[in-house]
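Asks: Sequence unavailable; structure follows:
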């Protein structure tokens, strides 16, 4: 046991030496997550799904946990952990993946736009729920990958890809036109570059194109974007608060419901 903790400490120390600012930001995130209760957040999340969308949230959760897709995904994730060769960390966590599946099952969207794919964990859960609904299309923007790392489709089973439109490119260039072509959009999900300026820009670009009842969602809402803003509200909280958009956070996932008025104000601006 002592050897294990010694190894963890050495790894942590190595990260601090390489990039002390990033290590501190990750430490702040872990501290924030440690202060939250995942079971309480899950209960709140299921209650909101049930009341807002008139569904049985607990039944949808049971459906997901008993699904062949979830079993396949768990095995696939274990395979990534021992995959020879380089791969990047940052795959959406268990709570976030589960929540995305339940959201799509409850909201039953026809059009979803997401930014940031990496190896397709969030995309796969969105697609699996769309397939279960029997309708809907997912449009994803991803900046690209290195030749020697896993494909963006790594977590997406072949039979789910017919509802997927993957766009390779910078969201700064691709997102405005995609939102214009796809609108009205039922769900916009941010999980790309997590800087304050970029996140606020993506939210502002997406908001005018959300349909009535559309959802604005973001990963990494507790993650501090830089040293100067550690003790200030993050981009998701600031964006929603400044525009008086109702929002909730669950672990590192943020959900906002702009409604007709919020989207109209953004179009007018």
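Replies: Done, it's in. This structure is a prediction, so every number in the text was calculated from the model and none was measured. Numbers count the residues shown, from 1 in each chain.

Asks: burial measure for residue 137, as a count.
Replies: By other CB atoms under 10 Å, 16 other residues sit near residue 137. In short, each C-beta sits where N, CA and C put it, glycine included.

Asks: actually residue 209, not the one I wrote
Replies: Counted with other CB under 10 Å, residues neighbouring residue 209 total 23.

Asks: Flag every buried residue along stretch 49-56.
Replies: Buried residues in stretch 49-56, counting neighbours by 16 or more other CB atoms under 10 Å, are found at 49, 50, 53, 55.

Asks: pLDDT value on the residue nearest to the third one when sequence neighbours are not counted, please?
Replies: Spatially, and ignoring its direct neighbours in sequence, residue 53 is nearest to residue 106 (4.1 Å; CB to CB, 6 or more residues apart in numbering). Listed pLDDT for residue 106 reads 98.

Asks: What residues does residue 106 make contact with?
Replies: Going by CB atoms under 8 Å, 6 or more residues apart in numbering, residue 106 touches 49, 52, 53, 55, 57, 60.

Asks: That one: which element?
Replies: helix 94-107 (DSSP states H and E).

Asks: Then residue 233?
Replies: If you go by DSSP H and E, residue 233 is not part of any helix or strand.

Asks: is it true that it touches residue 241?
Replies: Yes. Under the criterion of CB atoms under 8 Å, residue 233 makes contact with residue 241 at 6.9 Å.

Asks: sorry, back to before: Throw the contacts of residue 106 into TSV and include distance to residue 116 and pLDDT, thanks.
Replies: As requested, the contacts of residue 106 are arranged in TSV below (distance: CB to CB, whole Å; pLDDT from 0 to 100):
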residue	distance to residue 116	pLDDT
49	23	96
52	25	95
53	25	96
55	27	97
57	26	97
60	25	98
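
Asks: Return the subset of the residues you listed lying in helices.
Replies: Of the positions in those, 49, 52, 53, 57, 60 sit in helices, assigned by DSSP state H.

Asks: Just the closest of the buried residues of stretch 49-56 to residue 88, please.
Replies: For the buried residues of stretch 49-56, the residue nearest residue 88 by CB to CB is residue 49; the value is 30.9 Å.
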